[in-house]
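Participant: Kindly generate the corresponding structure for this input.
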Amino acid sequence: MPRAENGHEEDAFATARPSKRRQTIGQVLPCKECGAVLWEQDDVRGEVHCASCGLIAEENIIDYSAEWTNHGDGVDRSRVGAPMTMSLSDKGLNTTIDRRDIRGARGRRLGIAGSGQRDWNRRAVIDERTKTRRSGQRSLVKALQFIRDRGGLPPSLVEEAASLYRKAAKKGIVTGRSIAGVSAACTYLSAREAGLPRPIEEIAESFQVNEKELKRTIRLVARELGTHRINGPDEYLEVFASRLGLPAKIHGEAVELWETLSQVDDWQGKKPAGIAGMLLYVASREGGHPRTQSEVCKVAGVSEVTLRGLLRTLEDVQFVLSRMKN
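Facilitator: Sure thing, here's the model as predicted:
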């Protein structure tokens, strides 16, 4: 092994600079086992091994290369910055000048005072104006703020709703329609697609839009963007049972009841949320945790007349099922 000027043996791999290690490592020393000079470096394991016999010549290597990050599912890797987000108008790619950093004690710490502070205030104003220079950008900012603040969705569904709104805007669906209405429709559809449906009445109240107009917008967006998933009553049961304060046993009985009743087509055209309310009403009475019709109707978003009509349909369906068994 080569010796350094101080007389000590020199590590062949340590003499190479970290950035050059991959290029020089195969040209330094032959393998002690087989004599080959084909060295390979495994950056994941932090090892250098002989490509011929597999002898590990060095391990626990420090990786001095750039620390890459991958925020998405693709192969594109970015060195710095937060991941892109669809819920911001600029997708989180722009740098924002925070007014708090150029005023008061923070500004003084950064050496910003007097005329310098006025310059930075002017830059902040210009920065805000350039982001909303076009009307389409201003509308997008407003819509995404509606979705974030009023949607009541988890972060992943906020991203889905924002992406849906961008597609709707690109197709021209937003033109001539209420921004709040289209953003409410996208919020409703994203929750429905994820299997976490929200009552239309609740969405309409949150976004302060007309319920009938919201239904029309939902149908339009669903038709244009191809989101035609239909919710079943079973997808409302867990949410409604929680709001009614019913135990898990009652929820399970309602699920079993629907599995039996869904064999008949009499439920076609009925409101899924209303059917879910009817199932929980029946299961709660039979399970010893009764809830009044008014309580169930308030949660399900239907009238007591509708609930009683569904109960009559239930009697007809049970009669049909009993005849099918016989």
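
Participant: can we go C-alpha only for contacts and neighbour counts from here?
Facilitator: Noted.

Participant: Which segments of this structure make up each domain?
Facilitator: Domain segmentation of the chain under automatic domain parsing yields 12-58, 99-131, 135-225, 234-325.

Participant: Mind jotting down where the helices sit in this protein?
Facilitator: Using DSSP state H, the helices of the chain run over 12-15, 21-24, 104-109, 115-131, 135-150, 155-170, 179-193, 200-207, 211-225, 234-243, 248-261, 272-286, 293-300, 304-325.

Participant: Quickly compare the domains of the chain and say which is most buried.
Facilitator: domain 135-225 (a mean of 19; mean count of other CA atoms under 10 Å).

Participant: so what's G274 up against?
Facilitator: Taking CA atoms under 8 Å, 6 or more residues apart in numbering as the contact definition, G274 lies against 233, 297, 300-302, 306-307, 310.

Participant: With E238 instead?
Facilitator: E238 sits in contact with H251, where contact means CA under 8 Å, 6+ apart.

Participant: Kindly report the same for the one 5 residues further on.
Facilitator: Residues in contact with R243, defined by CA under 8 Å, 6+ apart, are V299.

Participant: Show me the residue at the heart of this structure, geometrically.
Facilitator: Residue closest to the average C-alpha location in the chain (CA atoms, centre = their mean): S156, at 1.3 Å.

Participant: averaging pLDDT over each of the domains of the chain, which comes out lowest?
Facilitator: With a mean of 67, domain 12-58 has the lowest mean pLDDT of the domains of the chain.

Participant: thought P197 was touching I203?
Facilitator: No - P197 is beyond contact range of I203, at 10.4 Å (criterion: CA atoms under 8 Å).

Participant: Show me whatever sits in contact with both of the two.
Facilitator: Jointly contacting P197 and I203 under the rule CA under 8 Å, 6+ apart are Y188.

Participant: ok, back up a step: just curious, which of the contacts of G274 is nearest to I62?
Facilitator: I62 lies nearest to P233 out of these, by CA to CA, at 56.7 Å.

Participant: need the contact list for the closest one.
Facilitator: 272-276.

Participant: Rebuild the residues you listed as JSON lines, extending it with distance to A254.
Facilitator: Below are these laid out as JSON lines (distance: CA to CA, whole Å):
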{"residue": "P272", "distance to A254": "14"}
{"residue": "A273", "distance to A254": "13"}
{"residue": "G274", "distance to A254": "13"}
{"residue": "I275", "distance to A254": "11"}
{"residue": "A276", "distance to A254": "8"}
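
Participant: dump the residue contacts of R45.
Facilitator: Listed by CA under 8 Å, 6+ apart, the contact partners of R45 are 59-60.

Participant: what do you get for E224?
Facilitator: E224 neighbours (CA under 8 Å, 6+ apart): none.

Participant: State the distance from it to V320.
Facilitator: 39 Å (CA to CA, to the nearest Å).

Participant: got the CA coordinates for stretch 31-51 in CSV?
Facilitator: The C-alpha coordinates for stretch 31-51 follow below in CSV (Å, rounded to 0.1, in the frame of the first residue of the first chain):
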residue,chain,number,x,y,z
CYS,A,31,-8.9,-6.3,-5.4
LYS,A,32,-7.2,-8.3,-2.6
GLU,A,33,-9.3,-11.3,-3.4
CYS,A,34,-9.4,-11.6,-7.2
GLY,A,35,-7.0,-8.9,-8.4
ALA,A,36,-9.6,-7.1,-10.5
VAL,A,37,-9.8,-3.3,-10.7
LEU,A,38,-13.6,-3.1,-11.3
TRP,A,39,-14.9,-1.1,-8.4
GLU,A,40,-18.5,-0.1,-7.9
GLN,A,41,-19.9,2.4,-5.4
ASP,A,42,-23.4,1.9,-3.9
ASP,A,43,-24.6,5.4,-2.8
VAL,A,44,-27.6,3.9,-1.0
ARG,A,45,-25.7,1.5,1.1
GLY,A,46,-22.6,3.7,1.4
GLU,A,47,-20.3,0.9,0.2
VAL,A,48,-17.6,0.3,-2.4
HIS,A,49,-17.4,-3.3,-3.6
CYS,A,50,-15.6,-5.3,-6.3
ALA,A,51,-17.8,-5.8,-9.3
